[in-house]
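> pasting a predicted model and its sequence here:
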Amino acid sequence: MGSTFHGVIAFALLASMLLCGSLLRNRISLLRNSLVPASIIGGLLGFTLLSLGLIPGFEATDFTALTFHFFTLSFMSLCLTGNSKDTSLSGGSIVRGGLWLTLIWTISLGLQGVIGYAVIAAYDALTGASVSEWLGAIITHGFTQGPGQALTYGGIWEKDYGIENAAQVGLIYASLGFLVAFLVGVPMAKNFIRRGLNANKASNMGDDFKSGFYSDEQKPVSGHMISHPANLDSLAYHLGLLALAYVLTYIWLGAMQPVVADFQPGGINLSVLFSYNLFFCHGLAVCVLLRLTIDRLGLSHRVDDETFKRITGSSVDFMVVGTLMSIKFAVLYALLTPILLVTAAVTLATLIGCLFLARLSGTLGRERAITAFGCCCGSTGTGLLLLRMMDANFSTSVPKELAFFNLAIVITNFHILFVFAPLVPSLGGWTYLMIFGGNALLFLASVPLLMKRRPEAGQAPVNPIKEPC
């Protein structure tokens, strides 16, 4: 049985780092006042211990699979959660809000690549260096997509096109992206909360919020028992529903993979869309259909939404810790200056873009701004974690918008992600700038069309000038 413990202990280490992070947040005033989430503290602690070799028998790769599955579970459980019954916290149509998030992310995807390419080109021109511009362009995959895609595309560029160190630089950008998301995002969320600009007033700057633990008098009640404990524990019951969706998704992908294996219209390998790397996309669709079936059959009383919210929140915590513990910083000292210049320029442009475009989205614009910034600098999970600071119990419509966004970006960016991104170095500089920059400009030009959409029934028309973030 000894061989079965490695994966279980890896999970136990994630949980232990979360516990340590929560205790450090509670005890250290600097961490407490800066509102750094326990998952970030625990993740950085775990990363440090791994880097120093203080966790014998484990390395960063042991936590990659756990991170992937907790990311998937967080959004599948979110889609099994019903709509909030508090209509005052709704930002209108979930589809419309999701389209705004999709618009912001799509513009960032193209803009970040163009800025990264241009900064390296300018750096070479001013210093006489010969750093490849593609080592700047890959920042968009590290920032908007995370370490997995940065490593994937960087590995292809390095192996097939000879872009030296592309994979390692992509991982550095991904790591810096996570740090930037929280170094900038947490103070921004904190400022919104302090000024009372967040819609969900359950998130405030009280002592409990700062310490990370509720006092005895303030402990909220979360969830209702659905199944009788003499029959089945209610948490196990809800985990069973989520597990059913997971199994159905797995069966669906297994059945579709041989069907699309040889289907390559226009030379595009569509089997990529049915790979297990995109499990979460198919899982979201399965969960939406499962929840719709439950509601249509009149069985919604057999599901407790608060329990699913707790599963979502826990999955996000484990995912963030796992992400930080699974990243290796391959520090390339010779490239440190251009990497920092690219990171600074992209961060500034992304921040301005998220604030400006989210302001135009109307109600819940601040929540969308903080969420979009997290997604555009780290990953969808980072955006969800930052959102949780302003929407502690996921009562607004933004979490559901984020679930819709995850499906929509695959459609709106299919040509970028599955056609052009793998072969970027073969495009040439000007072609790359036209494709990625043109895609960003095209979606930026569509902003007025989304603003002209009719507001939901009972909503006042949006006036972006009078609704500052």
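That came through, no problem.
> once you drop chain neighbours, what's closest to residue 35?
Nearest non-adjacent residue to residue 35, counting by CB to CB, 6 or more residues apart in numbering: residue 190, 5.3 Å away. C-beta here means a position set from N, CA and C on the backbone, and glycine is covered the same way.
> only the buried residues of whichever strand or helix holds the one you found, if you could.
Assigned by DSSP states H and E, residue 190 falls within helix 166-194. Neighbour-count burial for helix 166-194 flags 166-178, 180-182, 184-186, 188-190, 192-193 (criterion: 16 or more other CB atoms under 10 Å).
> now for it, which elements pack on it?
Judged by 3 or more CB pairs under 8 Å, 6 or more residues apart in numbering; DSSP states H and E, helix 166-194 is in contact with helix 29-34, helix 134-137, helix 139-144, helix 147-161, helix 336-360, helix 365-377, helix 380-390.
> now the second one - C-alpha only, CSV.
Meaning helix 134-137. Extracted in CSV, the C-alpha atoms of helix 134-137 (Å, rounded to 0.1, in the frame of the first residue of the first chain):
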residue,chain,number,x,y,z
TRP,A,134,9.1,36.1,-29.9
LEU,A,135,10.4,36.0,-26.3
GLY,A,136,8.4,39.2,-25.8
ALA,A,137,5.3,38.0,-27.8
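> which strands and helices sit next to that helix?
Other helices and strands packing on helix 134-137, by 3+ CB pairs under 8 Å, 6+ apart, are helix 94-127, helix 166-194, helix 336-360.
> now the second one against helix 94-127, angle please.
Here helix 166-194 points in a direction 120 degrees away from that of helix 94-127 (axes from the mean of the first three to the mean of the last three CA atoms, to 10 degrees).
> what does the next helix or strand after helix 166-194 contact?
Following helix 166-194 in sequence order, the next helix or strand is helix 207-211 (DSSP H and E). With contacts defined as CB atoms under 8 Å, 6 or more residues apart in numbering, helix 207-211 is touched by 25, 26, 32, 33, 35, 193, 203, 214, 215, 218.
> scan those residues and report the most crowded one.
The residue in these with the most neighbours, by other CB atoms under 10 Å, is residue 25 (24 neighbours).
> any idea how far residue 82 lies from residue 394?
Applying CB to CB, to the nearest Å, the value for residue 82 to residue 394 is 12 Å.
> which of these two has more neighbours?
The neighbour comparison of residue 82 against residue 394 (other CB under 10 Å) goes to residue 394, with 26 against 14.
> just for the stretch 301-450 of the chain, where's the confidence low?
Applying pLDDT under 70 to the stretch 301-450 of the chain picks out residues 327-334.
> give me the most central residue, this protein.
Compute the mean C-alpha point of the chain, and by CA atoms, centre = their mean the closest residue is residue 380, 1.1 Å away.
> distance check, residue 194 against residue 210.
Counting by CB to CB, the gap from residue 194 to residue 210 is 11 Å.
> and the residue nearest to residue 341 when sequence neighbours are not counted, what does it touch?
Nearest in space to residue 341, with sequence neighbours left out and distances taken as CB to CB, 6+ apart, is residue 119 at 5.5 Å. Applying CB under 8 Å, 6+ apart to residue 119 gives the contacts 136, 338, 341, 342, 345.
> could you redo the last one with a cut-off of 7 Å?
Listed by CB atoms under 7 Å, 6 or more residues apart in numbering, the contact set of residue 119 reads 136, 341, 342, 345.
> closest one of the residues you listed to residue 261?
Distance to residue 261 across the contacts of residue 119 (CB to CB) is lowest for residue 136, with 35.9 Å.
> the closest one touches residue 117, doesn't it?
Yes. When contacts are counted by CB atoms under 7 Å, residue 136 is listed as touching residue 117 (5.1 Å).
> low-confidence ranges, the stretch 1-150 of the chain, go.
The model of the stretch 1-150 of the chain has pLDDT under 70 over residues 83-92, 147-148.
> can you dump the C-alpha atoms of stretch 301-309 in PDB for me?
In PDB, the C-alpha atoms belonging to stretch 301-309 read as follows (Å, rounded to 0.1, in the frame of the first residue of the first chain):
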ATOM      1  CA  HIS A 301     -35.100  21.400  -3.900                       C
ATOM      2  CA  ARG A 302     -32.800  18.400  -3.900                       C
ATOM      3  CA  VAL A 303     -29.800  20.700  -4.400                       C
ATOM      4  CA  ASP A 304     -28.300  23.100  -2.000                       C
ATOM      5  CA  ASP A 305     -26.600  26.000  -3.800                       C
ATOM      6  CA  GLU A 306     -24.700  27.100  -0.800                       C
ATOM      7  CA  THR A 307     -23.000  23.700  -0.500                       C
ATOM      8  CA  PHE A 308     -21.900  24.000  -4.200                       C
ATOM      9  CA  LYS A 309     -20.500  27.500  -3.500                       C
END
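> distance between that stretch and the chain's centre?
Counting by CA atoms, centre = their mean, to the nearest Å, stretch 301-309 is centred 23 Å from the centre of its parent chain.
> and that stretch, what's buried?
303, 304, 305, 306, 307, 308, 309.
> over to stretch 4-22?
Applying a neighbour-count criterion of 16+ other CB under 10 Å, one finds 10, 13, 14, 17, 18, 20, 21, 22 buried in stretch 4-22.
> now swap in stretch 275-288 and tell me
279, 280, 281, 282, 283, 284, 285, 286, 287, 288.
> closest to residue 435 out of those residues?
Nearest member of the buried residues of stretch 275-288 to residue 435, counting by CB to CB, is residue 281, at 23.3 Å.
> would you mind giving the contacts of residue 119 as TSV with distance to residue 275 and neighbour count added?
Output for the contacts of residue 119, formatted as TSV (distance: CB to CB, whole Å; neighbours: other CB atoms under 10 Å):
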residue	distance to residue 275	neighbour count
136	28	31
341	35	16
342	30	29
345	33	18
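> in JSON lines, list these along with distance to residue 60.
Output for the contacts of residue 119, formatted as JSON lines (distance: CB to CB, whole Å):
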{"residue": "136", "distance to residue 60": "25"}
{"residue": "341", "distance to residue 60": "27"}
{"residue": "342", "distance to residue 60": "24"}
{"residue": "345", "distance to residue 60": "28"}
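> just give me the closest of these to residue 414.
Nearest to residue 414 among the contacts of residue 119: residue 136, at 24.2 Å, using CB to CB.
> enumerate every residue touching that closest one.
116, 117, 119, 120, 342.
> if you set the cut-off to 8 Å instead, what comes out?
Contact analysis of residue 136 by CB under 8 Å, 6+ apart lists 115, 116, 117, 118, 119, 120, 121, 338, 342.
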